[in-house]
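Undergrad: quick one, fold the following:
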Amino acid sequence: MDTQRLILLFIFGFSLLMLWDAWEKENRPKPAAEKQQAVPSAAAPAKPSATPAAPAAVPTAPSAVPTAPSAPRPAEPAVPTTAPAARGETITVQTDVLIAEIDTLGATLKRVELLKHRDSRDASKNQVLLGPEHQYEAQSGLAGESGPNHNTPWSATPVRPALEAGQNPLEVRLEGRGKDGVVVQKVYRFKRDSYLIDVDLEIQNGGTAPVQPAAYFQTKHNGKRSTDANTIAESFGAQSFHGFAVFSDEKKFEKIELPDVDKGKASYLKQSNNGWLAYVEHYFVSGWFPPAKADRSYDVVKVGDAYYGRLRLALGTLAPGAATKISVPFYAGPQEQRRLDAVAPGFDYVVDYGWLAIIAWPLFWLLEKFHTLSGNWGVAIILLTVLIKLVFFPLSAASYKSMAKMKLITPRLQRIREMYEHDRQRMNQAMMELYRTEKINPLGGCFPILVQIPVFIALYWVLLAAIELRHAPFVLWIKDLSALDPYYVLPILMTVTMILQTKMNPVPPDPVQAKVMQFMPYIFSIFFFFFPAGLVLYWLVNNILSIAQQWQIQRMFDRDKPAHAKR
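TA: Numbers count the residues shown, from 1 in each chain. This is a model prediction of the structure:
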């Protein structure tokens, strides 16, 4: 089997597998609706008991983590997960990279607009990450009766609305009062050129009795995929991960699938003294980062139509008049690797490169270096393609040499098939004898391409997952390498190169197989009409280089044709 044929068959089969997987996900029977859990009301809190009763409440102890959504839990008073319909005043602040809105009801971060990233539906608008469309917000406060929490009215200190020249950072300070004299100052601190927002809770016990406060930090989301999710990849079943994730030194990166949360089967590390909690979607991520070596518990649940991923930290005993402080930064921004690396260990794992990440990481590193050199991501893809072709040149050359030899003896193979048409055993023996005489390995073209297939798949994921290519222009009509070629120029050129390569390959002796190979480029090219322009560009350049290499090797063998084409 020649190289081109193996590429086509493998990727065609791989694409069919992804399509089947996507169809299965879309059409498989939905699980029966689970029994809705009771959610305590802020107006009528339940009496306290040992542990909280619904996923809606922040647990009172690190061990109070539900094992299934249907398992009843006693309620923790005054900390309902579902917020009241009322809203407080909105505080809007702006830095050079984002606009944030904080609601004084709960002192909750309700909206984050990213100034350097455009909306996928309307390029004239900025990308909104946190916002009401997906009930996406960052909540925090104190658990238990002492409060205050994300449903408590907070008062705000006047603040300048924008990060001015020479100012760094910009602070928003809010004050919330709970029971028993507990007063909390919540401070949001925004810094220049940063999507990492410091969130501080300064707790003071103004009462007459000791208290044992526990702070919680949680992310709310309705679980629906953003329209920014790559519809090209989605249509072929290559869905990037969407849901919560926990990272720890013990378990490393753990994905928490939302369907598993629905069924109460989500498995992840629930207690640790290190790590972070994040909500991951295509291109963007948000996450909480507690202090190192501070004991924390993780909990991911669904209540109503929203999911909650929260972490909780016990703050010990606070004597009357004493104060303490906890700082848990919150990241809300793009999955730009240079930023993720600087936030926390392992945070770059949120970039979903699939099961070949070990190959994808160095490929992206090279791509980034070429971009630094050229200043254009399309040019960087071309340079990376040339480098990959050079690395695999010896393997490709061996494959093309094998193909060239096969092409020379194709007429003799055809005569053998005709001579022993009704005796398959004799036909196989004659063909093997011919291979031995001409010193040809019929599978010589297979192994080199098998080695290259993982690189192709890894690069496929890099070009789909890297936000650096989102809305990145190439030349003229191509304004976004992560989207379709609007005029299908690259896919058409891609089809032409595939047809040319097919004509350069030896014709299969089997007429049926020959017919299939004749139409395969047209069938396979359909997939490339739905692939991102960046991926089509890579494959187009790869094909052009392959054609040049194959043509040169074919010329060399054509000169030796009399020696090989023995009668």
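Undergrad: just checking, what packs against the strand or helix carrying Leu384?
TA: Using DSSP states H and E, Leu384 falls within helix 377-391. With contacts taken as 3 or more Cβ pairs under 8 Å, 6 or more residues apart in numbering; DSSP states H and E, helix 377-391 sits against helix 357-374, helix 446-465, helix 533-559. (Each C-beta comes from the backbone N, C-alpha and C, glycine too.)
Undergrad: same thing but 6 Å
TA: With contacts defined as 3 or more Cβ pairs under 6 Å, 6 or more residues apart in numbering; DSSP states H and E, helix 377-391 has these neighbours: helix 357-374, helix 533-559.
Undergrad: so which of these gets nearest Ile91?
TA: Shortest distance between Ile91 and those, using Cβ to Cβ, is found for helix 357-374: 37.0 Å.
Undergrad: tell me the angle of the closest one relative to helix 377-391?
TA: Angle of helix 357-374 versus helix 377-391, following axes from the mean of the first three to the mean of the last three Cα atoms, to 10 degrees, is 120 degrees.
Undergrad: list the buried residues for helix 357-374?
TA: By 16 or more other Cβ atoms under 10 Å, the buried positions in helix 357-374 come out as Ala357, Ile359, Ala360, Trp361, Leu363, Phe364, Leu366, Leu367, Glu368, Phe370, His371.
Undergrad: possible to save the residues you listed as CSV with pLDDT and distance to Tyr307?
TA: What follows is the buried residues of helix 357-374, written out as CSV (pLDDT from 0 to 100; distance: Cβ to Cβ, whole Å):
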residue, pLDDT, distance to Tyr307
Ala357, 86, 25
Ile359, 92, 32
Ala360, 92, 28
Trp361, 92, 29
Leu363, 93, 33
Phe364, 93, 30
Leu366, 95, 37
Leu367, 94, 34
Glu368, 94, 33
Phe370, 96, 39
His371, 95, 36
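Undergrad: just the closest of the residues you listed to Glu433, please.
TA: Nearest to Glu433 among the buried residues of helix 357-374, with distances taken as Cβ to Cβ, is Ile359, at 40.6 Å.
Undergrad: my guess is that closest one contacts Ala458, does it?
TA: Yes. Here Ile359 reaches Ala458: they are 3.9 Å apart, a contact under Cβ atoms under 6 Å.
Undergrad: please pull out the lowest mean pLDDT helix or strand from this structure.
TA: helix 231-235 (a mean of 45; mean pLDDT, DSSP states H and E).
Undergrad: which SSE is immediately downstream of that helix?
TA: Counting by DSSP H and E, what follows helix 231-235 is strand 243-248.
Undergrad: for that next one, the averaged confidence score.
TA: Taken as a whole, strand 243-248 has a mean pLDDT of 96.
Undergrad: same for it, what does it pack against?
TA: On a contact count with 3+ Cβ pairs under 6 Å, 6+ apart, strand 243-248 meets strand 252-257, strand 276-280.
Undergrad: restricting to C-alpha, output the last one in CSV.
TA: Backbone C-alpha positions of strand 276-280 (Å, rounded to 0.1, in the frame of the first residue of the first chain) are rendered in CSV as follows:
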residue,chain,number,x,y,z
TRP,A,276,-6.6,25.0,42.4
LEU,A,277,-10.1,24.8,41.0
ALA,A,278,-11.0,26.0,37.5
TYR,A,279,-13.9,26.2,35.0
VAL,A,280,-12.6,25.3,31.5
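Undergrad: just want the angle from it to strand 252-257.
TA: 40 degrees.
Undergrad: pLDDT of whichever helix or strand comes after strand 276-280, averaged?
TA: Remark: after strand 276-280, the chain's next helix or strand is strand 284-288, criterion DSSP H and E. Across strand 284-288, pLDDT averages out at 97.
Undergrad: what's in contact with strand 284-288?
TA: With contact meaning Cβ atoms under 6 Å, 6 or more residues apart in numbering, strand 284-288 is reached by 129, 217, 219, 276-279, 311, 328, 330-332, 334-335, 350.
Undergrad: now the spatially most central residue of the chain: which helix or strand?
TA: Geometric centre of the chain, nearest residue: Asp352, 3.5 Å, by Cα atoms, centre = their mean. Of the helices and strands defined by DSSP H and E, none includes Asp352.
Undergrad: residue contacts, it?
TA: By Cβ under 6 Å, 6+ apart, Asp352 lies in contact with Ser240, Phe241, Ala465.
Undergrad: next: Leu98.
TA: Leu98 is in contact with Val112, Leu114, Leu115, counting by Cβ under 6 Å, 6+ apart.
Undergrad: how about Thr152?
TA: Contacts of Thr152 (Cβ under 6 Å, 6+ apart): Gly176.
Undergrad: for the record, mean pLDDT for stretch 375-395?
TA: The pLDDT scores in stretch 375-395 average 90.
Undergrad: so, low pLDDT: which residues of the stretch 51-200 of the chain?
TA: Residues of the stretch 51-200 of the chain meeting the criterion pLDDT under 70: 51-87.
Undergrad: show me where it has strands.
TA: For the stretch 51-200 of the chain, the strands defined by DSSP state E, counting those that start in this stretch occupy 90-94, 98-103, 108-118, 126-130, 137-142, 155-156, 170-177, 182-190, 196-205.
Undergrad: redo the ones you listed as JSON lines? Include distance to Arg296.
TA: Below are the strands of the stretch 51-200 of the chain laid out as JSON lines (distance: least, Cβ to Cβ, whole Å):
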{"stretch": "strand 90-94", "distance to Arg296": "28"}
{"stretch": "strand 98-103", "distance to Arg296": "24"}
{"stretch": "strand 108-118", "distance to Arg296": "20"}
{"stretch": "strand 126-130", "distance to Arg296": "22"}
{"stretch": "strand 137-142", "distance to Arg296": "13"}
{"stretch": "strand 155-156", "distance to Arg296": "28"}
{"stretch": "strand 170-177", "distance to Arg296": "22"}
{"stretch": "strand 182-190", "distance to Arg296": "18"}
{"stretch": "strand 196-205", "distance to Arg296": "14"}
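Undergrad: so of the helices and strands packed on strand 243-248, which one's packed in deepest?
TA: Mean neighbour count (mean count of other Cβ atoms under 10 Å) peaks for strand 276-280 among those, with a mean of 25.
Undergrad: adjacent strands (with direction) for that strand?
TA: strand 243-248 (antiparallel), strand 284-288 (antiparallel) (DSSP bridges).
Undergrad: any weak-confidence spans in the stretch 451-567 of the chain?
TA: The stretch 451-567 of the chain contains residues with pLDDT under 70 at 506-514, 556-567.
Undergrad: nearest to Leu340, out of the strands paired with strand 276-280?
TA: From the strands paired with strand 276-280, taking Cβ to Cβ, the stretch that ends up closest is strand 284-288, at 7.8 Å.
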